[in-house]
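A.B. asks: curious how this folds, go ahead:
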Amino acid sequence: MGKDGSSCGCTIGLIVAVLVLRFCWSIGKEWGISPVAIIISAFVILFILMYLLGMIIEHFDSKRNQKYNEIHTKYPKAFAKYLAENGQPDPTKVPISFRNSVVKRQEIIWENEEIALVKEEQDKIKREQDRIKKKQEEEMAEENRQMKEIECHYPNGLRIWKERYPLLSTNQRYMVRSRDAISILEDEFIAKEEQRKKEEKRIANQKREQQRIRLQSTAKDVLVRKAMSWNKLFLNFHYTWLFYYYPTTCDFDPPYQDKENRRIVWNFKNDPARNIISAIHERAIDLVIPQIKQKLSDTFGEEYLQFLTLVCLPASTNAKNQARYEEFSFKLCAETGMDNGYLHTFITKDGLSKNDPNNTSGRSIQPEVSFDDWFKGKYVLLFDDIVTKGGTMLRYKEMLERKGATVIGGIALGKTKHEPPENQRFVPFEDDIPLF
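C.D. replies: From the prediction side, this is the model:
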């Protein structure tokens, strides 16, 4: 019999025994029967009744405990919650009243509570799993972002790190954690590369300087000798041109190509009287520079052009000289590597054309020109837009030689010619870009 059932049975039995003894004692006195016999008989009957009562109580206790344990096993979460709500920390040490309340509670309530608690726990587990998954995704995204930054900012450091640690090169997380080490490797690589480039640049500059010194030692002889392949103007002075220039005073109509060459000259001269717009002048410059460069390269060799100094024969006034030669001289020298004498040539007094109202001499008055001492030791190439007899070139040749320069020769866009053309080369002209 269970502990609770035994206690209850003993209490009832004791009460019944007292009542029976008193009853038997009264009966024995009244009926004249030995009270002892009556008491013994009563106790036998009472024992039998008590035994049956104990069996009945034990049966019901067993059923209650079985149902209690069944609920405890079948609905553990709902049972634990109910236990906590009623202040029972240990399910094995609870009073009978609590067990009775557990057993009497409807099973549908236990079932619904268990389902709700299970679902709540599943939802909690799912939320925790989602939180962990989201955190892992965020960590992975952050790792990918940092990995991209490493690949972008430290490509060489990353390559070196992978070469040093090939077994770890597949572990992105470890590479991200090694970012500082990779950045140090990148800095070391950049420092070495800069040092290597500096050394290469130093060696290249040294070689160029040696080459320049070697070429410079032969520059004068080579330049003078190769200029002799040009047309001879006077004594040892040689000059050349790109095409023949037929002025409008000719008594014949030159071919189309020669007319276009003449327009190029006019556009190049950029005479304010002709109202040449800047785009047309620039186009003319862009057309003649490649041909001049090719002519000079073919004559002297491209490596010797760096020793030449370009001097554009001054126009009649400062304004015309600037409009005609400033942009041209800088562009041509940038293309060929020649020194530019434009900034060292000065018109101290403007000249006058013979048609100028202020000129009463009846002839053109040449501008007054000076050259500074910068030309000393330079190998000068004279340039003019049009050469007729070459007197202007010879005059400036003498002035420059007095400054200590060596005049190698002269080149012009056009050579004035009044006879009909034969087979001459002409400057290409693009019809879709007007030149006048």
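A.B. asks: most centrally placed residue in this structure?
C.D. replies: Against the mean C-alpha coordinate of the chain, by Cα atoms, centre = their mean, the closest residue is residue 152 at 7.2 Å.
A.B. asks: give me the three-state assignment for residue 316.
C.D. replies: coil (DSSP: H, G, I helix; E, B strand; the rest coil).
A.B. asks: contacts only, for it.
C.D. replies: The contact partners of residue 316, by Cβ atoms under 8 Å, 6 or more residues apart in numbering, come to 350, 351, 352, 353, 364, 366, 367. In short, each C-beta sits where N, CA and C put it, glycine included.
A.B. asks: for it, give me phi and psi.
C.D. replies: In terms of degrees, to the nearest 10, the main-chain angles of residue 316 are phi -70, psi -20.
A.B. asks: which element follows the longest helix anywhere in the chain toward the C-terminus?
C.D. replies: For the chain, the helix with the greatest residue count under DSSP state H is helix 179-227. Toward the C-terminus, helix 179-227 is succeeded by strand 231-234 as the next helix or strand (DSSP states H and E).
A.B. asks: what packs against that next one?
C.D. replies: strand 237-245, helix 391-402 (3 or more Cβ pairs under 8 Å, 6 or more residues apart in numbering; DSSP states H and E).
A.B. asks: against which helices or strands is the longest one packed?
C.D. replies: Looking back up the chat, that one is helix 391-402. Here helix 391-402 touches strand 231-234, strand 237-245, strand 368-371, strand 379-387, strand 406-416, going by 3+ Cβ pairs under 8 Å, 6+ apart.
A.B. asks: if we go to 10 Å?
C.D. replies: strand 231-234, strand 237-245, strand 308-312, strand 368-371, strand 379-387, strand 406-416 (3 or more Cβ pairs under 10 Å, 6 or more residues apart in numbering; DSSP states H and E).
A.B. asks: any idea whether residue 354 is helix, strand or coil?
C.D. replies: Following three-state DSSP, residue 354 is assigned to coil.
A.B. asks: going forward can the numbers begin at 15, since that is how I track them
C.D. replies: Sure, I'll start numbering at 15, so the last one becomes residue 368.
A.B. asks: which residue ranges of the stretch 15-164 of the chain form helices?
C.D. replies: Ranges of helices in the stretch 15-164 of the chain, per DSSP state H, counting those that start in this stretch, are 17-45, 49-88, 90-99, 110-118, 121-167.
A.B. asks: can I get these in a markdown table including mean pLDDT and distance to residue 212?
C.D. replies: As requested, the helices of the stretch 15-164 of the chain are exported to a markdown table (pLDDT from 0 to 100; distance: least, Cβ to Cβ, whole Å):
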| stretch | mean pLDDT | distance to residue 212 |
| --- | --- | --- |
| helix 17-45 | 65 | 97 |
| helix 49-88 | 77 | 83 |
| helix 90-99 | 82 | 76 |
| helix 110-118 | 79 | 89 |
| helix 121-167 | 89 | 23 |
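A.B. asks: need the winner for burial among the helices and strands packed on strand 245-248.
C.D. replies: Across the helices and strands packed on strand 245-248, averaging neighbours per residue (mean count of other Cβ atoms under 10 Å) puts strand 251-259 on top, at a mean of 21.
A.B. asks: and that one with helix 405-416, angle?
C.D. replies: 150 degrees (axes from the mean of the first three to the mean of the last three Cα atoms, to 10 degrees).
A.B. asks: now the element after strand 251-259, going C-ward?
C.D. replies: Helices and strands here follow DSSP H and E; after strand 251-259, the next one along the chain is helix 270-283.
A.B. asks: which strands or helices does the following helix or strand past that following helix pack on?
C.D. replies: Downstream of helix 270-283, the next assigned helix or strand under DSSP H and E is helix 292-314. Where contact means 3+ Cβ pairs under 10 Å, 6+ apart, helix 292-314 is packed against helix 193-241, strand 251-259, helix 270-283, strand 322-326, helix 332-350, strand 393-401, strand 420-430.
A.B. asks: any chance of those in CSV with mean pLDDT and distance to residue 180 as columns?
C.D. replies: Formatted as CSV, these follow (pLDDT from 0 to 100; distance: least, Cβ to Cβ, whole Å):
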stretch, mean pLDDT, distance to residue 180
helix 193-241, 92, 15
strand 251-259, 94, 65
helix 270-283, 92, 66
strand 322-326, 97, 58
helix 332-350, 95, 51
strand 393-401, 96, 61
strand 420-430, 96, 64
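A.B. asks: switch the ones you listed over to a markdown table; also include distance to residue 412.
C.D. replies: Formatted as a markdown table, the helices and strands packed on helix 292-314 follow (distance: least, Cβ to Cβ, whole Å):
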| stretch | distance to residue 412 |
| --- | --- |
| helix 193-241 | 17 |
| strand 251-259 | 10 |
| helix 270-283 | 25 |
| strand 322-326 | 13 |
| helix 332-350 | 20 |
| strand 393-401 | 11 |
| strand 420-430 | 9 |
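A.B. asks: picking that back up, residue 192: which of the helices and strands packed on helix 405-416 is closest?
C.D. replies: Residue 192 lies closest to strand 322-326 among the helices and strands packed on helix 405-416, at 58.1 Å (Cβ to Cβ).
A.B. asks: got the CA positions of that closest one in CSV?
C.D. replies: Taking C-alpha atoms only, strand 322-326 is exported to CSV below (Å, rounded to 0.1, in the frame of the first residue of the first chain):
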residue,chain,number,x,y,z
LEU,A,322,68.6,70.9,-83.2
THR,A,323,67.2,74.2,-82.2
LEU,A,324,64.3,75.6,-84.1
VAL,A,325,64.3,79.3,-85.0
CYS,A,326,61.3,80.6,-86.9
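A.B. asks: how far does stretch 95-104 sit from its chain's centre?
C.D. replies: 64 Å (Cα atoms, centre = their mean, to the nearest Å).
A.B. asks: same deal with stretch 252-267?
C.D. replies: That offset, for stretch 252-267, works out to 57 Å (Cα atoms, centre = their mean).
A.B. asks: measure it end to end?
C.D. replies: From its first residue to its last, stretch 252-267 covers 30 Å (Cα to Cα, to the nearest Å).
A.B. asks: what's the domain layout of this structure?
C.D. replies: Annotated domains of the chain cover 17-119, 242-430 [automatic domain parsing].
A.B. asks: which phi and psi does the closest residue in space to residue 358 that isn't next to it in sequence have?
C.D. replies: Nearest residue to residue 358, sequence neighbours excluded (Cβ to Cβ, 6 or more residues apart in numbering): residue 388, at 4.5 Å. With angles defined as degrees, to the nearest 10, residue 388 sits at phi -60, psi -30.
A.B. asks: is it true that residue 388 touches residue 394?
C.D. replies: No - between residue 388 and residue 394 there is no contact under Cβ atoms under 10 Å: 11.2 Å.
A.B. asks: perfect, that will be all.
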